[in-house]
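**Student:** Based on what follows, work out the 3D shape:
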Amino acid sequence: MKKTLDLICVIMFFTIIVMFAASTLFFGSKPAALSKWSGSADSQLSDNFPLQRSWQTLRTSILLAAGKTEIDGSFLVNGGVIRPSSEVSGKATERLVDGINSFSGKYSDKSIYTCIIPSASGIYSADLPSVGVGFDQKHYIAELYNSFEPSIATLDAYSPLYTSRENYIYLRTDSSLTSSGAFDVYSSFIRKMGFSPRPFSDYDCEHAMTGYIGSLCTELNISQRITPDNIELLTPKNGTVVTSVTGWFGSTKEKHKSVYDRSALSGSSPLDVYLYGSRYKKLDITTLNKESPRLLIIKTEHTNPVIPFIISHYSAVTVIDADMAAKQTLDELTDAGKFDQILFLLDIDHIEGLHLDEFLS
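**Tutor:** A predicted model of the protein is given here:
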């Protein structure tokens, strides 16, 4: 085995030399650039190597051929890639808890809910190396929920996803939930919000895109041993209840008829099909359910696939993108007092960068 690895290292070394020589010959790299080479090999190649992508592809191919299942901290698991989530800092957790607790005191007459959606590494932790990888998301979410005021209802997304872990609930090549995973989350917590979930049989499963390769694979230049994803949309068999969608960026607004942006499927970011990705700071959605309650959702990016299921129970839903609206306050975007229910729908990977204490002030 050692001889094989030594041979691989020799091949890699001479390949790099040959590729660097070729780049110098054909791309005009100056010898003086060699004096800049300091730090790690990867950063050197990134800064000075015109054929960086070719190098990365070659490097990944060699590592996979050598039997490696870890590439730059991400892991090949069951035909897909899982990037372990970083542990949320105490400071970020404090900002989140303080922000939502203070908000609940300000709107004590409203029904307020919080749902934290775990990442794939939290659900499939048993498939990852046990030492130094990720953190216990189930424990973290439980402790976080215990920190909220009793008046704030907490919604469990971990248990239904863990129960469905043998199913296709996360994309294999990206960090998002699939529509099926999103449906599992929705159907588990909507009862606590006062509604009976629509059964899965009420939906048609539309294969909107096949062969999708997401960012987890493209960033690592992984194509071997990967099963491409399908982007599926669960659409109501009896037609949508949505009558209008208004997307806001700044003071400009755009009108749509659907919460799905099908044009995104032919663009560079197909996952933007769900709620137009992060295109808007705010979406105002109206439905046919004129006698139903009004809902305000404050969300992060990876929760987008869940929201289309929730909408069917309300007369109007306003969705605020907490990432996009970071430099504003909630009061500048909408009047929270006009809603019957308020849902904080957050994914664990985006908690670190949130400043809800400032946004909700």
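**Student:** Can you show me the helices along the protein?
**Tutor:** Along the chain, counting by DSSP state H, helices occupy 2-27, 41-48, 52-65, 90-106, 120-123, 137-146, 158-163, 179-189, 215-220, 307-311, 330-333, 356-359.
**Student:** who are the neighbours of the fourth one, in terms of helices and strands?
**Tutor:** Helix 90-106 is packed against strand 111-117, helix 137-146, strand 152-155, strand 341-347, helix 356-359, with contacts defined by 3 or more C-beta pairs under 8 Å, 6 or more residues apart in numbering; DSSP states H and E. Using the backbone N, CA and C atoms, a C-beta is placed for each residue, glycine as well.
**Student:** tell me the domain boundaries of this protein?
**Tutor:** As assigned by automatic domain parsing, the chain contains the domains 2-68, 85-170+187-199+239-359.
**Student:** could I get these as TSV with mean pLDDT?
**Tutor:** Converted to TSV, those look like this (pLDDT from 0 to 100):
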stretch	mean pLDDT
domain 2-68	49
domain 85-170+187-199+239-359	94
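**Student:** Highest mean neighbour count out of the helices and strands packed on helix 90-106?
**Tutor:** Comparing those by mean neighbour count (mean count of other C-beta atoms under 10 Å), strand 341-347 ranks first with a mean of 24.
**Student:** packing partners for that one?
**Tutor:** Here strand 341-347 touches helix 90-106, strand 111-117, strand 294-299, going by 3+ C-beta pairs under 8 Å, 6+ apart.
**Student:** which neighbours does the second one have in its sheet, and in what orientation?
**Tutor:** Based on DSSP bridges, the pairing partners of strand 111-117 within the sheet are strand 152-155 (parallel), strand 341-347 (parallel).
**Student:** can you give me the offset of it from its chain's centre?
**Tutor:** The chain centroid and the centroid of strand 111-117 are separated by 17 Å, computed with C-alpha atoms, centre = their mean, to the nearest Å.
**Student:** Same list (the helices and strands packed on helix 90-106) but as TSV, adding distance to Ile307.
**Tutor:** Putting those into TSV (distance: least, C-beta to C-beta, whole Å) gives the following:
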stretch	distance to Ile307
strand 111-117	11
helix 137-146	20
strand 152-155	13
strand 341-347	7
helix 356-359	18
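**Student:** so which of the ones you listed gets nearest Gly73?
**Tutor:** helix 137-146 (17.0 Å; C-beta to C-beta).
**Student:** so what secondary structure elements neighbour the closest one?
**Tutor:** For helix 137-146, the packing partners by 3+ C-beta pairs under 8 Å, 6+ apart come out as helix 90-106, strand 111-117, helix 120-123, helix 158-163.
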